[in-house]
Every structure is written in structure tokens, then in C-alpha cells.
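Visitor: predicted model, plus sequence, below.
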Amino acid sequence: MKRVILFDGDCNFCDSSVQFIIKRDPAAHFLFTSLQSEKGAELRKQYAIPDEVDSLVLIENDKVFTKSSAALRIAKKLDGLWHLLFLFILVPGKIRNGVYDYVAANRYKWFGKKDVACMLPSPEERQRFI
């Protein structure tokens, strides 16, 4: 199974992040599904992902990563110099996740929630959503 990113489908910041990843992942390392989707619910159950996890999840090699660990592992696979962000894995998790939690707690206030309309992915991009 490819690496799967579960994201908050109601969050503008999360949606923009998915678009950012797609543009920098030409090798298609990642598949995507929203936490709110049927597939997202299935994966949450399969991997025992708690309901309070509501922003970003990476499933890689049958392991679940959340918060800053997920974000940094995603960055590691992106084209360009983004993989250098993985060096932040050396920062203690409590500090990394503190920053992550602050952004996650404010994401709706800063970036808003999605309206009913969503972007229409290209046929190539559509294949990356499960």
C-alpha cells in the first residue's frame, strides 16, 4: 500500500496543503483521503486512530504518524529542498507538536472552513484520492 495522507476535508489550510504536496510529489508517493470520508472512517477504524485526531495523519508501512511527525515524514518525500525539513525531527517532539498544535487549533480562524464547492482535480490527481 502506498503512503496515505488523511486530512481535514473541511479545512482550507489542509486542502491547500494537499495541493502543495501533489505539486511536489511527481513520483506519487502519497494517496489522499479526507478524515470525514467513508474511506477515512474505514482507515481510522483499521488503524485505531482516535477521534480527537482531526488534522493530519500519515499511514506509512502500516504505521500511523500524526502531528509534526506526519508533516515531517511527508516533507521528506517531496521534491526540491523540502526534504531538508525532516531535520526538524531532531527537535524534541513536545516542542514540535506544541507548534503544530498551535497552528492546528487556529487553522479555521486563520484560513477558514471550506464552502460546499471544492476544487475539481485533474484526472491524474483524481487517481490519487481514495
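Guide: Yep, it's here.

Visitor: which residues of the chain fall in strands?
Guide: With DSSP state E as the definition, the chain shows strands at residue ranges 3-7, 30-34, 56-60, 63-66.

Visitor: among those, which is the most enclosed?
Guide: strand 3-7 (a mean of 24; mean count of other Cβ atoms under 10 Å). The way it works is simple: take the backbone N, C-alpha and C, and place the C-beta from them, glycine included.

Visitor: quick one: low-confidence residue ranges for this protein.
Guide: By pLDDT under 70, the weakly predicted segments of the chain are 1, 115-122.

Visitor: and if we set it to 80?
Guide: 1, 114-127 (pLDDT under 80).

Visitor: which residues of it fall in helices?
Guide: 12-23, 38-46, 67-76, 93-111, 123-126 (DSSP state H).

Visitor: dump those into a markdown table; add distance to Leu56 as well.
Guide: Shown next, in a markdown table, are the helices of the chain (distance: least, Cβ to Cβ, whole Å):
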| stretch | distance to Leu56 |
| --- | --- |
| helix 12-23 | 7 |
| helix 38-46 | 12 |
| helix 67-76 | 5 |
| helix 93-111 | 8 |
| helix 123-126 | 19 |
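
Visitor: still on that earlier bit, make JSON lines from the strands of the chain and add distance to Asp79 to it.
Guide: Shown next, in JSON lines, are those (distance: least, Cβ to Cβ, whole Å):
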{"stretch": "strand 3-7", "distance to Asp79": "15"}
{"stretch": "strand 30-34", "distance to Asp79": "12"}
{"stretch": "strand 56-60", "distance to Asp79": "17"}
{"stretch": "strand 63-66", "distance to Asp79": "20"}
